[in-house]
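Trainee: 3D model of this:
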Amino acid sequence: MSVLEMKVPSPGESITEVEIATWLVKDGDYVEKDQPIAEVDSDKATLELPAEQSGVITLKAEEGDVVQVGQVVCLIDMDAAKPAGSAAPAAEAPKQEEAPKAAEPAKQEAPKPAAQPVAAATQTYATGTPSPAAKKILDEKGIDASQVSGSGRDGRISKSDAELAAVPAFGGNPVTATGSRSTTTTKLSVLRRKIAQRLVSVKNETAMLTTFNEVDMSEIFRLRKQYKEEFAQRHGVGLGFMSFFTKAVTRALQMYPDVNASIDGDFKVNYDFCDISIAVSGPKGLMVPVLRNAENMSFASVEANIKDLAIKVRDGKITVDEMTGGTFTITNGGTFGSMMSTPIINPPQSAILGMHNIIQRPVAVDGQVVIRPMMYVAMSYDHRIIDGKESVGFLVAVKEGIDNPVEILLGGDERKGLGL
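Mentor: Prediction:
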C-alpha cells in the first residue's frame, strides 16, 4: 500500500504557519493529481493546495486549524482504484436517508424533561412581576414594571424584556423593541488577523498625518473618450484611470525621494526604483499586488499588469511574491463611492495615496464658474521621515500630472505618449 503524506508547502519567505480555511474535498473522496483540495490562509494571502498525487484522501486537519509549514495535513492512498462515476452516490444514499430518522426521536423527546424545571422556576413569580435581573434593569432605567409587557410564563417580565424596554418620553408608555436579536460569531482568518495587527501597529508606531488636495479629471476624461477604442485595439486592454495615477505618482516619487523611502531602525532606506502597490479588493479582503519598476512602464504596460494581478486576486491565484515589497501604495476608495477618507500606511512603506469618487462640481476657472469632474485625493505619510513641505509638494506634483496629463505625463504628444 503506497500512501503519500501531504505536507504544507512554504507559501513564501518568513511564513511559518497557515490556517486551513476550506477543505474542497471530503474525507474518503478520490482526488486527481493537481486537483485543488483545500484553501489555506497565510498572513499575506489565500492560496490553493493542490493534490500531489491521485488517490483516496484522508484528512488529518480540520477547517480552522492552524498548521505549521511542513506539517502533514492529509494522506493520499495512491493504490486505491478510481471509483465508477455512479458508484459513490449509490453508496452514500442510504446514509443520507438514515441520519434524519435516527435524529427524530431525540428532537421530539428533548423538550419533555426540560418543561418541568422551567415551570417550577416561573411559578414563584406573579403576573407581570419582573425577575430580579429584570427589576434591576428597570430600576436603572426608571421604568415602572406595570408599564412593561412580559413575554415569560404568566406574563413574567424577563431580563430580555427589561433590556428592550425603552425609556418613556414625556411620561408616555415605554416601547418594547421587536425583531430578531440574534448574533453570529465567526473566527477571523489568519489574513484578516494579520491585517488587523498591522493596522494597529501603524497607528501606534508611526507619526501618521494626512494632507488633502483635489484634481480636475477633465483632460483624462477627454483622452479616454477620444482614444479608448484605438487604445484597446492596439494594446488589448482598456485605458483606465489607474495608469494616469500610477505615472503621476512615479514622477512625483522621483521628484521627492524621501516619500519613496522607509525607516529601518535608526536608518532611512531610499529606493531608486518605484514598486507601486495597487490595492485590489478580492473575495478574502484587500490585497496589494505590486507593479515592479512602474517608473519604466508604459501606459499599456501598467494597465495590462494591473488587469493581470486583479484577475489573480479575484481567482485566488495571487502569490506571496507578487504581493511582497512595494515602496508606495495607491488605493481607490472611489470605486465604492467614498468621497473623502484617510488612507492608512501600508508598512514598511512611508506613504499612501488615496483616490476617491469623481463628482461633477462647480469650480472657478479663469474667473468663470464651470462644471468639472473633480476628485479629492489624500496622502497619508509618516512624519518621522517625510516633512510637511515634502508631503504637500508631492501631492501637488501628482495634481499637476492629473490636471495636465498631456504636457506632464505624455511629453506633449498624446498619441505617442499613449503608444498609438
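Trainee: where do the helices sit along the stretch 251-400 of the chain?
Mentor: 299-315, 388-403 (DSSP state H, counting those that start in this stretch).
Trainee: The ones you listed: lowest mean pLDDT?
Mentor: When the helices of the stretch 251-400 of the chain are compared on mean pLDDT, helix 299-315 scores lowest, with a mean of 90.
Trainee: ok, and what's touching that one?
Mentor: The contact list for helix 299-315, computed with Cβ atoms under 8 Å, 6 or more residues apart in numbering, reads 231, 234-240, 242-244, 246-247, 278, 280-283, 287, 289, 291, 294, 297, 317-319, 322, 417-419. In this view, the C-beta of every residue, glycine as well, is placed from N, C-alpha and C.
Trainee: Same question for stretch 387-404.
Mentor: 209, 211-217, 219-220, 244-245, 247-249, 251-253, 255-256, 258-259, 351, 353, 377, 379, 381, 408-409.
Trainee: same check, this time on stretch 252-262
Mentor: Stretch 252-262 is contacted from outside by 268-271, 274, 295, 327-328, 348-351, 381, 385-387, 390-391, 393-395, 397-398, 401, using Cβ under 8 Å, 6+ apart.
Trainee: which regions of the protein lie under the pLDDT threshold?
Mentor: Residue ranges of the chain with pLDDT under 70: 1, 12-14, 43-45, 85-128, 153-154, 166-179, 190-191, 284-285.
Trainee: Could you count how many residues lie near Val369?
Mentor: Val369 has 8 neighbours, counted by other Cβ atoms under 10 Å.
Trainee: from what I can see it touches Arg361, true?
Mentor: No - contact between Val369 and Arg361 fails when scored by Cβ atoms under 8 Å: they sit 10.3 Å apart.
Trainee: Might one say that Lys82 is in contact with Val31?
Mentor: No - contact criterion Cβ under 8 Å: Lys82 and Val31 do not qualify, at 9.9 Å.
Trainee: Identify the contacts common to those two.
Mentor: Both Lys82 and Val31 are contacted by Ser54, under the criterion Cβ under 8 Å, 6+ apart.
Trainee: Compare these two (neighbour count), which wins?
Mentor: The neighbour comparison of Lys82 against Val31 (other Cβ under 10 Å) goes to Val31, with 21 against 12.
Trainee: Pull the contacting residues for the more buried one.
Mentor: Val31 neighbours (Cβ under 8 Å, 6+ apart): Val25, Ile37, Ala51, Ser54, Gly55, Val56, Ile57, Ile76.
Trainee: swap the cut-off to 6 Å and go again
Mentor: Val25, Ile37, Ala51, Ile57 (Cβ atoms under 6 Å, 6 or more residues apart in numbering).
Trainee: who wins for neighbours among those?
Mentor: Using other Cβ under 10 Å as the neighbour test, the contacts of Val31 are led by Ile57, with 26 neighbours.
Trainee: in the sheet, who's paired with that one?
Mentor: Taking DSSP bridges as the rule, Ile57 bridges to Ile76.
Trainee: The chain should start at 428 in everything you say after this.
Mentor: Let's use 428 as the start, then, which means that last one is Ile484.
Trainee: Name the helix or strand for the nearest residue to Glu479 once chain neighbours are set aside, please.
Mentor: Spatial nearest neighbour of Glu479, excluding adjacent residues (Cβ to Cβ, 6 or more residues apart in numbering): Met433 at 5.7 Å. Assigned by DSSP states H and E, Met433 falls within strand 430-434.
Trainee: Listing partners with orientation, what would you give for that strand?
Mentor: Under the rule (DSSP bridges), strand 430-434 has strand 499-504 (antiparallel) as partners.
Trainee: What residues sit buried inside the partner strand?
Mentor: Val500, Cys501, Leu502, Ile503, Asp504 (16 or more other Cβ atoms under 10 Å).
Trainee: Closest one to Arg625 out of the residues you listed, please.
Mentor: Val500 (26.5 Å; Cβ to Cβ).
Trainee: is it true that that closest one touches Glu490?
Mentor: No - using Cβ atoms under 6 Å, Val500 is not in contact with Glu490; the gap is 11.2 Å.
Trainee: now the strand ranked longest in the chain against helix 815-830, angle please.
Mentor: When every strand of the chain is counted residue by residue (DSSP state E), the longest turns out to be strand 795-809. For strand 795-809 against helix 815-830, the angle by axes from the mean of the first three to the mean of the last three Cα atoms, to 10 degrees is 130 degrees.
Trainee: just checking, what packs against strand 795-809?
Mentor: Counting contacts by 3 or more Cβ pairs under 6 Å, 6 or more residues apart in numbering; DSSP states H and E, strand 795-809 packs against strand 635-643, strand 778-782, strand 785-792.
Trainee: Paired strands for it, with orientation please.
Mentor: Applying DSSP bridges, one finds strand 795-809 paired with strand 635-643 (antiparallel), strand 778-782 (antiparallel), strand 785-792 (antiparallel).
Trainee: and it, which residues are buried?
Mentor: Quick answer for strand 795-809 (16+ other Cβ under 10 Å): Arg799, Met801, Met802, Tyr803, Val804, Ala805, Met806, Ser807, Tyr808, Asp809.
Trainee: Pick out the most distant pair among these.
Mentor: Longest span within the buried residues of strand 795-809, Cβ to Cβ: Arg799 and Asp809, 32.5 Å.
Trainee: mind listing the strands for the stretch 628-777 of the chain?
Mentor: Along the stretch 628-777 of the chain, the stretches classed as strands by DSSP state E, counting those that start in this stretch are 635-643, 688-691, 694-697, 703-705, 707-709, 712-714, 717-718, 755-759.
Trainee: among those strands, which is the most enclosed?
Mentor: Each of the strands of the stretch 628-777 of the chain was scored by mean neighbour count; the highest is strand 703-705, a mean of 26, by mean count of other Cβ atoms under 10 Å.
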